[in-house]
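>>> kindly generate the corresponding structure for this input.
(chains A, B, C and D)
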Number of protein chains: 2
Amino acid sequence: MGIEKVTSIDVAKRAGVSQSAVSRVFTPGASVSSKMAEKVLKAADELGYRPNVLARSLITGRSRIIGLVVAYLENQFYPDALEKLSNALQQHGYHILVFMVSNDDDMVDQVMGELLDYQVDGIITASVAMSNELAARCAAAGVPVVLFNRGQDDPRLNQVTSDNYNGGYQIAEFLVSGGHQRIAHIAGWAGSSTGRDREAGFRAGLKDLGRELVACIDGMYRRETAADAARELFRGPDRPDAVFVGNDHMAFAVMDVLRSELTLDVPGDVSVVGYDDVPLASWPAYDLTTLRQPSNRMVEATVSILLEWIEHGANDVQKIKIDGPLMIRGSARVPQGWSHERL
Amino acid sequence: MGIEKVTSIDVAKRAGVSQSAVSRVFTPGASVSSKMAEKVLKAADELGYRPNVLARSLITGRSRIIGLVVAYLENQFYPDALEKLSNALQQHGYHILVFMVSNDDDMVDQVMGELLDYQVDGIITASVAMSNELAARCAAAGVPVVLFNRGQDDPRLNQVTSDNYNGGYQIAEFLVSGGHQRIAHIAGWAGSSTGRDREAGFRAGLKDLGRELVACIDGMYRRETAADAARELFRGPDRPDAVFVGNDHMAFAVMDVLRSELTLDVPGDVSVVGYDDVPLASWPAYDLTTLRQPSNRMVEATVSILLEWIEHGANDVQKIKIDGPLMIRGSARVPQGWSHERL
DNA sequence: AGTTATATTGCATACGTATGCAATTTGACT
DNA sequence: AGTCAAATTGCATACGTATGCAATATAACT
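Here you go, the predicted model:
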């Protein structure tokens, strides 16, 4: 088991130069002659030397690690975002350290502590809220935080979301224009800003058109809870003829219950609209009409804010809302005059 | 911007003890009196001190970071595994550093280099192969590697897979017993051991029953490729009456094409069987008969091998195959006498 | 060639922690 | 109270790298 650790000192010896010289060769932008670079790189190559990122971070104060806190990956929106975030950060020489949490405060607090122990350069939280105390700790430690797909009032926290209120509003217009009479809502988790904003926008939209919800149940962003909600909403004879479900993940569960258990036709008997536009939404089995959260642009914004803070010492907190289009597909009756845009 | 870094020295000063004492209080198993522990913890708490994991790792040679290399998260099997892996490792005080790669060798090599730069304690690759040269480098660096859901001959690499050969074999028995006459296969990527093994087992099973494949196309584990394969296989009048698709992710695409484009009935006209049993497979929209890869047990095995190597210096390479049951659902005709086990 | 500005290099030190060793304290026992 | 073993503590150093500073080499002039 020849566990060989090659250090910059080994390389220096072999190349007949000082350790600092080696360090400089591997530090972009440092002052080295081409002859020196050549010598050192040759020696490094022969020994298989690579700089130790951890040792480096000890002295630079930069770990090139971004902590990602995420509650669950069952909803396809998050693995998709994770993949994109990781790719984008990787291109800038950063990598993602993953922390899974259940969404209760204790767990988040504990995990966030561990996160700071790793001297992460920045933190992204996806679908997770932070206590104010925690936000303070991150701020004190000089670690920028971006809430991805979640909003929070704390003035120290950057955030990137879609325009959830407006999205909900659009969906209300869409459903009302479609001539639906009994409109219900299976809401996103009331403990999340996204869930609350979508519901508020939806209600506002209905109200402005002189309508109101016939029923509203919190689906907790969970498949089973949403399915139960659907069973309750649609068992009676005076069932809704349209339902806006707080995200796609729940909407699939609702459609499953409607079609398989209650043998209702979608959209013949009930129109269903979701939120997110995860890949599965466009597959024919669901063909779900849904409001797209533009994950590409959300990821871009997240990464750019983070790098701005880390590398250029920015300190203006950004609260970004990104608009997304309604993807009109086959799960909801299409009003006259609304173009049927297909993906 | 008071970026305050509290070090063990600060704590030592405040508690009126030596830095070593502070270190020992935060090192499980070190020799400290209860009085000392109390003093130090009090001071640490007042200052908000937490040990710097990176500095610690510099001296212990342990980073408590596990590198995870993964090609894509679109197939639900992988986010699911990632979530479980992360949770399991987190319980042991490890965390996952994510590296996304495209599945060509150059990229893998480059990324693996970065991985080693972080002094990871171990590496898990999911759905990714490694060059032998790379395996050698990891071995030389003393970093254990576990291939998750992928096999490779290299004697230095641990691996955990399901019993793909046997799985393919079982599916052959199932389809033949179901009375299917024209059996086709849309295979997993031929560049992967899983794809090859499943196909080999499937062919062997057919052969032992005196049958053979009427057609076989490589679906590359990609949705679009699989869909194209389905279009090609099923356009003629003498189309197959059963198809085993190399994983669920592709099977969904195949069912979409069969039902929506070709208006064929599943399983009336065609039986479809997948592989993995991702959550979506059990949802009514697909209700896919599929061979379960027991991700729980695969994750357990992966974590236990890794910890055995890291913490107890194990060095016996393990190649583990875990058996999974065929989940009989509604997408394939059920032979007489096969119990219809439901999830 | 002589002067001065600039680029390159080495030396020494720092980052925050863990740990072997020797010094000290504690406790148990006669 | 005195002896001795065991537990606890502090001292000093090491981990692998980056960087300010002074020393040296090089280049660019007159």
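
>>> quick one: the nearest residue to residue A:246 once chain neighbours are set aside from DNA strand C, how far?
Ranked by CB to CB, 6 or more residues apart in numbering or on different chains and with sequence neighbours excluded, the top spatial neighbour of residue A:246 is residue A:188, at 3.2 Å. Placement of C-beta: from N, CA and C, glycine included. Taking CB to the nearest atom of the strand, to the nearest Å as the measure, residue A:188 falls 40 Å from DNA strand C.

>>> and residue A:188, how far from residue A:75?
The gap separating residue A:188 from residue A:75 is 11 Å, by CB to CB, to the nearest Å.

>>> again, but for residue A:40
With distances taken as CB to CB, residue A:40 is found 49 Å from residue A:75.

>>> surely residue A:269 and residue A:240 touch.
No - using CB atoms under 8 Å, residue A:269 makes no contact with residue A:240, being 9.9 Å away.

>>> quick one, which of the two is more surrounded?
residue A:240 (23 against 15; other CB atoms under 10 Å in any protein chain shown).

>>> got a list of what the more buried one touches?
Shown in contact with residue A:240 (CB atoms under 8 Å, 6 or more residues apart in numbering or on different chains): A:182-184, A:214-215, A:233-234, A:270.

>>> can you do 6 Å?
By CB atoms under 6 Å, 6 or more residues apart in numbering or on different chains, the residues touching residue A:240 are A:182, A:184, A:214.

>>> name the nearest residue to residue A:225, sequence neighbours excluded.
residue A:219 (5.2 Å).

>>> same check on residue A:220?
Closest residue to residue A:220 apart from its sequence neighbours, by CB to CB, 6+ apart: residue A:189 at 4.9 Å.

>>> and that neighbour, how many neighbours?
So residue A:189, with other CB under 10 Å, has 20 neighbours.

>>> burial measure for residue A:50, as a count.
Neighbours of residue A:50 under the rule other CB under 10 Å: 15.

>>> just residue A:238 next, same as before
By the criterion of other CB under 10 Å, residue A:238 has 7 neighbours.

>>> and it, how far from DNA strand C?
64 Å.

>>> next one: residue A:127
Noted for residue A:127: a distance of 31 Å to DNA strand C, by CB to the nearest atom of the strand.

>>> now do residue A:7
To DNA strand C, residue A:7 is 12 Å away according to CB to the nearest atom of the strand.

>>> what does residue A:185 give?
Note on residue A:185: its distance to DNA strand C, by CB to the nearest atom of the strand, is 50 Å.

>>> before we move on, what about residue A:157?
25 Å.

>>> okay but that residue is in contact with residue A:145, surely?
Yes - using CB atoms under 6 Å, residue A:157 is in contact with residue A:145, at 5.3 Å.

>>> name the helices or strands packed onto the lengthiest helix in chain A?
Identified as the longest helix of chain A according to DSSP state H is helix A:295-312. On a contact count with 3 or more CB pairs under 6 Å, 6 or more residues apart in numbering or on different chains; DSSP states H and E, helix A:295-312 meets helix A:77-91, strand A:145-148, strand A:158-162, strand A:319-322.

>>> again, 7 Å this time
helix A:77-91, strand A:122-126, strand A:145-148, strand A:158-162, strand A:319-322 (3 or more CB pairs under 7 Å, 6 or more residues apart in numbering or on different chains; DSSP states H and E).

>>> nearest to residue A:339, out of these?
Taking CB to CB, strand A:158-162 is the member of the helices and strands packed on helix A:295-312 nearest to residue A:339, at 20.9 Å.

>>> pLDDT weak spots in chain A?
A:1-4, A:340-343 (pLDDT under 70).

>>> care to break chain A down by domain?
A:8-51, A:63-162+A:295-322, A:164-293+A:326-342 (automatic domain parsing).

>>> show me whatever sits in contact with both of residue A:188 and residue A:75.
Here residue A:188 and residue A:75 share the contacting residues residue A:247, scored by CB atoms under 7 Å, 6 or more residues apart in numbering or on different chains.
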